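Peer 1: Show me how the following folds:
(one chain, ligands or ions: 3)
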Amino acid sequence: MHGNRLYEGQKLALKYYFVAMVLFGAQLLFGLLAAIQFLYPDFLFGILDFSINRMVHINALVVWLLYAMIGAVYWLLPDEAQREVVGIKFGNLAFYVLTAAVAVVVLVYLFIQVGPGKESTIWFITEGREYIEAPRWADIGIVAVVLIFLYNVYATVMSGQRTGILAVLMADLIALAGLYLAGMFYTDNIAIDQYWWWWVVHLWVEATWEVYVAAVGGYILMKTLNANRKVVEMWLWIEVAMMFGSGILGLGHHYFWIGTPEYWWEIGALFSALEPVPLVGLFVHVLYDWGKERGKGNQINNTPAFAWLTVETFGNFLGAGVWGFMHTLPQINLYTHGTQWPAAHGHLAFFGAYVAILIGAIYLALQKKAGLEKLKMSKAGWWAISLITVGVLFMTVALTLSAYTQTMVERGMYGATWEGYFAAQANEWFWQGMCWRLITGLMVIAGYALLMYDMIRLAKKAPASEAEVSTAAA
Ligand code: HEM
Ligand code: HEM
Ligand SMILES: [Fe+2]
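Peer 2: Numbers count the residues shown, from 1 in each chain. Ligands and ions are numbered 1, 2, ... in the order given. Alright, predicted model coming up:
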């Protein structure tokens, strides 16, 4: 379709994007509260506990990323398949069901902060599995919604044009959805519980989500730089092939200390370093081709989307590749495990690999919705990307410094004792790192405000015929 005429699937994508951006704001707000509580433990104590703020912070992160990921699929699906999404009515219904469920789950978190851990707790309040804490009733709802989503994708591709990007996504989405089931059953043996829980968390962010961003990143490159589909799809298949070696066996870096056999030490150490390589390869290759053609008038079609994709490529490499590798060898992990090291890595990796590219995907949609041939970066847009990126980068450095203190004091000097834990927490350098996290966190939040301003301004630009979408998206 041309100009600003959107497929029904793309209108649904805009709804998913809108909720994603709102949840992103909630994520940052609860992160801010948790960061203040690190410095002033009495702050909101008994009203909004640290455990709840932290839980909402990271669960909101995962949920909004999934929203934006589903949104991006609904966006590119009709464009790639060259036809309307099949069963879009069910897709719309699923969106409202999911959003209502998310709202109820969060309200329950906020109103029932402490209590006994019983069978009914798992069903109605929380399952207590970090990052995927939704209670079981919501889990079942999520499975139903995802089945509708998969039906939309498969039925559309089967009856439309099939591209390499769609083929990779079809396989990847099945794996991504299927893995969620590994985090749903309950066992009272914590080692077994952790063993399977990592299947979701690790095999999401280091296998299925990485393949997903390679597919969507390829699509964004084709749209922003008119990249060659053949080059994009070649790297996509390389990525898929490499994931079997690196991502899946890299799971071993979570099996060092939870009671699993020692052979995981070697497996985990060897295989986790290779993960971000294919994405950098794709990016460099496309950039090189574009550089050769630039003089011939091939200008960037959407500067914000491209800028965010650039942040993603290097952020992914730094956050996942470099910061991940820092603590992935068991000899080192023995000292860094349980410090702020994983938190430093977690912030930069999640931001670099997933937050950045999905913001880019949203900009791509806003351009088409507004019917713009080219989208240039606005002043607010530049401030937003700079504040958010520099903020997260510096926050990562601050957390790394705190982590370093913990590693030296708690682990090195005190030998991982209870006393050592408190000595490290009281150390001035640890505390200073926490202060910097708060300051850099405020930078990120200021950047988010500007980002929302820029996006809402763009969403409102829609021509009159699209007015009804604009109210849904803004
Ligand atoms: C985009 C990809 C990635 C994301 C989003 C990510 C995110 C995270 C997060 C949030 C944690 C903390 C989990 C917890 O709460 O316990 C973690 C742990 C870890 N990550 Fe990653 N990661 C990624 C890629 C990598 C890579 C490529 C490596 C290795 C080269 C790696 C190595 C590790 C290790 C060793 C731990 C465990 C730390 C410990 O428990 O002591 N990660 N990751
Ligand atoms: C895009 C931005 C952000 C992302 C992707 C992100 C991601 C994460 C992740 C993955 C964790 C869990 C880390 C772990 O347990 O290993 C976490 C924890 C946390 N985050 Fe964020 N976060 C972001 C922004 C912020 C901001 C702006 C603040 C504060 C102002 C913040 C404060 C915190 C705090 C206090 C924790 C708990 C750390 C702990 O338990 O030691 N985050 N965040
Ligand atoms: Fe991992």
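Peer 1: Identify the residues contacting the closest residue to Leu451 other than its chain neighbours.
Peer 2: In space, and not counting its chain neighbours, Leu451 is closest to Ala384: 3.9 Å by Cβ to Cβ, 6 or more residues apart in numbering. In short, each C-beta sits where N, CA and C put it, glycine included. Shown in contact with Ala384 (Cβ atoms under 8 Å, 6 or more residues apart in numbering): Gly447, Tyr448, Leu450, Leu451, Tyr453, Asp454.
Peer 1: switch to 10 Å and redo it
Peer 2: Going by Cβ atoms under 10 Å, 6 or more residues apart in numbering, Ala384 touches 304, 308, 359, 377-378, 446-455.
Peer 1: From those, list just the buried residues.
Peer 2: Pro304, Trp308, Ile359, Met377, Ser378, Gly447, Tyr448, Leu450, Leu451, Met452, Asp454, Met455 (16 or more other Cβ atoms under 10 Å).
Peer 1: Buried ones in stretch 227-244, by neighbour count?
Peer 2: Using 16+ other Cβ under 10 Å as the test for burial, stretch 227-244 gives 227-228, 231-236, 238-240, 242-243.
Peer 1: Output these in a markdown table, with distance to ligand 2 and secondary structure appended to each entry.
Peer 2: Output for the buried residues of stretch 227-244, formatted as a markdown table (distance: Cβ to the nearest ligand atom, whole Å; DSSP: H, G, I helix; E, B strand; the rest coil):
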| residue | distance to ligand 2 | secondary structure |
| --- | --- | --- |
| Ala227 | 27 | coil |
| Asn228 | 32 | coil |
| Val231 | 30 | helix |
| Val232 | 26 | helix |
| Glu233 | 29 | helix |
| Met234 | 30 | helix |
| Trp235 | 25 | helix |
| Leu236 | 25 | helix |
| Ile238 | 27 | helix |
| Glu239 | 22 | helix |
| Val240 | 25 | helix |
| Met242 | 24 | helix |
| Met243 | 21 | helix |
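Peer 1: Most widely separated two among those residues?
Peer 2: Using Cβ to Cβ, the buried residues of stretch 227-244 reach their maximum pairwise distance at Asn228 and Met243, which is 22.8 Å.
Peer 1: so which of the buried residues of stretch 227-244 comes closest to ligand 3?
Peer 2: Minimum separation from ligand 3 among those (Cβ to the ion) is found for Met243, which lies at 12.7 Å.
Peer 1: Low-confidence stretches in the stretch 201-350 of the chain?
Peer 2: 244-245, 273, 275-283, 285-286, 289-298 (pLDDT under 70).
Peer 1: Around ligand 1, which positions in it sit nearby?
Peer 2: 205-206, 253-254, 272-273, 275, 316, 320-321, 324-325, 327-328, 333, 336-337, 342, 345-346, 349-350 (Cβ under 6 Å from any ligand atom).
Peer 1: Please name the spatially closest residue to the residue of the stretch 101-250 of the chain found nearest ligand 2 (chain neighbours excluded).
Peer 2: Nearest to ligand 2, among the residues of the stretch 101-250 of the chain, is Glu130, at 7.2 Å (Cβ to the nearest ligand atom). The shortest distance from Glu130 to any non-neighbouring residue, by Cβ to Cβ, 6+ apart, is to Ile58 (7.0 Å).
Peer 1: that's a strand at Ile300, yeah?
Peer 2: No. Assigned with DSSP: H, G, I helix; E, B strand; the rest coil, Ile300 falls outside any strand and is coil.
Peer 1: ok, it - contacts?
Peer 2: Counted by Cβ under 10 Å, 6+ apart, Ile300 has contacts Thr224, Leu225, Asn226, Trp290, Arg294, Phe306, Ala307, Lys374, Leu375, Lys376, Met377.
Peer 1: could those residues be laid out in TSV, adding secondary structure?
Peer 2: As requested, the contacts of Ile300 are arranged in TSV below (three-state DSSP):
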residue	secondary structure
Thr224	helix
Leu225	helix
Asn226	coil
Trp290	helix
Arg294	helix
Phe306	helix
Ala307	helix
Lys374	coil
Leu375	strand
Lys376	coil
Met377	coil
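Peer 1: Using neighbour counts, give me the buried entries of those residues.
Peer 2: Members of these classed as buried by 16+ other Cβ under 10 Å are Thr224, Leu225, Asn226, Trp290, Phe306, Ala307, Leu375, Met377.
Peer 1: Now compare the residues you listed and name the two farthest from each other.
Peer 2: Top of the distance list for those (Cβ to Cβ): Asn226 and Met377, 18.5 Å.
Peer 1: Assign a three-state SS to Tyr186, would you?
Peer 2: Strictly by three-state DSSP, Tyr186 counts as coil.
Peer 1: Without its sequence neighbours, what residue ends up closest to it?
Peer 2: Ile122 (6.0 Å).
Peer 1: same deal with Thr260?
Peer 2: Nearest non-adjacent residue to Thr260, counting by Cβ to Cβ, 6+ apart: Tyr195, 6.4 Å away.
Peer 1: Show the contacting residues for the one you found.
Peer 2: Ala182, Thr187, Asn189, Leu251, His254, Tyr255, Ile258, Gly259, Thr260.
Peer 1: Find the residue at the geometric middle of the protein.
Peer 2: Tyr354 (3.9 Å; Cα atoms, centre = their mean).
Peer 1: how far away is that one from His345?
Peer 2: 14 Å (Cβ to Cβ, to the nearest Å).
Peer 1: Mind listing the shared neighbours of these two?
Peer 2: By Cβ under 10 Å, 6+ apart, the residues touching both Tyr354 and His345 are Gly319, Ala320.
Peer 1: quick check, Leu221 in a helix?
Peer 2: Yes. In this structure, Leu221 lies within a helix as judged by three-state DSSP.
Peer 1: I figured it hits Asn228, correct?
Peer 2: Yes. If you go by Cβ atoms under 10 Å, Leu221 and Asn228 touch, sitting 9.2 Å apart.
Peer 1: follow-up on the earlier one: does the strand or helix carrying the residue nearest to Thr260 reach ligand 2?
Peer 2: According to DSSP states H and E, Tyr195 maps onto helix 190-203. No. Counting by Cβ under 6 Å from any ligand atom, ligand 2 has no neighbours in helix 190-203; the shortest distance is 9.9 Å.
Peer 1: Name the residues of that helix that are buried.
Peer 2: Buried residues in helix 190-203, counted by 16+ other Cβ under 10 Å: Asp193, Gln194, Tyr195, Trp196, Trp197, Trp198, Trp199, Val200, Val201, His202, Leu203.
Peer 1: Out of the residues you listed, which are close to ligand 3?
Peer 2: When Cβ under 5 Å from the ion is applied, the members of the buried residues of helix 190-203 adjacent to ligand 3 are His202.
Peer 1: Which single one of the buried residues of helix 190-203 is nearest to Tyr421?
Peer 2: Gln194 (20.8 Å).
Peer 1: and the residue of the chain found nearest ligand 3, what does it touch?
Peer 2: Nearest residue of the chain to ligand 3, counting by Cβ to the ion: His202, 3.8 Å away. The contact partners of His202, taken as Cβ under 10 Å, 6+ apart, are Leu179, Gly247, Ile248, Gly250, Leu251, Gly252, His253, His254, Tyr255, Ser272.
Peer 1: Indicate the residue of the protein located nearest to ligand 2.
Peer 2: Of all residues in the chain, Gly441 sits closest to ligand 2, at 2.2 Å by Cβ to the nearest ligand atom.
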